[in-house]
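Undergrad: Any chance you could fold what I've pasted below:
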Amino acid sequence: MGKNRFLILLGYTALTIVISPIRALGNIGIKLSSIIGFALFYLLTIVLIKRYGGKISAPSILFMGLLGISLVNLPFHVIYFNDTLGTLLEYIIHLSAVVAGFYYVMIKKLNYKIVYNVVCIIIVLVTSFYVNDLILKAILN
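TA: Predicted structure coming up:
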């Protein structure tokens, strides 16, 4: 693995670790972590693809992002599945942020980029506030 790829992987892993204490705020912490994480991973993916576009392929950056987030979260979700069900949606939202950032870079027209951002924001807000509550109610009942 090249130096740049390792730094990208390390960046995503470090950001995952930095965001994780927000979850300690309880139910609102998981929602905040989902929204803040989506925004930061989305922006990080866009910046990295634009910065390393000539050196590293965009799919490689996508893979490093997904792997960097998963290195921290996936072992806990596999080992303690029932105990971490409350944060599984947050993990999925963070992964989707990397994918969304990847596809944002592929869009060429400004009007489409604006619509894409609005749709992403709406999906993340609805998922974080409404769907997360439904999942938590199902887990607790």
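Undergrad: In the protein, which helix is the longest?
TA: helix 27-51 (DSSP state H).
Undergrad: Would you mind identifying the next helix or strand past it?
TA: helix 58-79 (DSSP states H and E).
Undergrad: And that following helix, what's buried?
TA: Residues 58, 60-70, 72-73 are the ones in helix 58-79 that count as buried (16 or more other Cβ atoms under 10 Å). C-beta coordinates here come from the backbone N, C-alpha and C atoms, glycine included.
Undergrad: Quick check: mean pLDDT of it?
TA: Helix 58-79 shows a mean pLDDT of 93.
Undergrad: Point out the other helices and strands that it packs with.
TA: helix 3-19, helix 27-51, helix 88-106 (3 or more Cβ pairs under 8 Å, 6 or more residues apart in numbering; DSSP states H and E).
Undergrad: shaky segments in this structure?
TA: Low-confidence segments of the chain, defined by pLDDT under 70: 1, 136, 139-141.
Undergrad: Same list, the helices and strands packed on helix 58-79, but as a markdown table with mean neighbour count and distance to Asp133 please.
TA: As requested, the helices and strands packed on helix 58-79 are arranged in a markdown table below (neighbours: other Cβ atoms under 10 Å; distance: least, Cβ to Cβ, whole Å):
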| stretch | mean neighbour count | distance to Asp133 |
| --- | --- | --- |
| helix 3-19 | 16 | 20 |
| helix 27-51 | 19 | 8 |
| helix 88-106 | 19 | 10 |
